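Q: Take this sequence and fold it.
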Amino acid sequence: MKKIRTVGSIAIMIIAGIIGFFVGASMDEALNGAILFSLIAGIACIIYVIDNQKQ
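A: Reported below is the predicted structural model:
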């Protein structure tokens, strides 16, 4: 079960990075947008895992 959560978290961060790249590209800051969206998604995944450790 832990492997599924790990793969899911990585997939979410990759998707967020791709979306952030295109959103940032519209503002001429493509790399910064990708980093920002990936960072936000990563922190959200960490909080989710910490909150649901007993399940």
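
Q: show me the contacts for Asn32.
A: Asn32 makes contacts with Gly24, as judged by C-beta atoms under 8 Å, 6 or more residues apart in numbering. (Each C-beta comes from the backbone N, C-alpha and C, glycine too.)

Q: Determine how far the helix or strand encompassing it lies from the middle of the whole chain.
A: Secondary structure from DSSP states H and E places Asn32 in helix 30-51. Relative to its parent chain, helix 30-51 has a centroid offset of 4 Å by C-alpha atoms, centre = their mean, to the nearest Å.

Q: neighbouring contacts of the longest helix anywhere in the chain?
A: Looking across the chain with DSSP state H, the single longest helix is helix 2-26. Applying C-beta under 8 Å, 6+ apart, the external contacts of helix 2-26 come out as 30-38, 40-42, 45, 49.

Q: 7 Å - rerun?
A: Contacts of helix 2-26 from elsewhere in the structure, counted by C-beta atoms under 7 Å, 6 or more residues apart in numbering, are 30-34, 36-38, 40-42, 45, 49.

Q: Repeat that for stretch 39-51.
A: Arg5, Ser9, Ile12, Met13, Ala16.

Q: From one end of stretch 21-37 to the other, what's the distance?
A: The first residue of stretch 21-37 is 8 Å away from its last residue (C-alpha to C-alpha, to the nearest Å).

Q: What residues of that stretch count as buried?
A: For stretch 21-37, a neighbour-count test (16 or more other C-beta atoms under 10 Å) marks Phe21, Gly24, Gly33, Ala34, Leu36, Phe37 as buried.

Q: Could you do stretch 44-55 as well?
A: Buried residues in stretch 44-55 (16+ other C-beta under 10 Å): Cys45.
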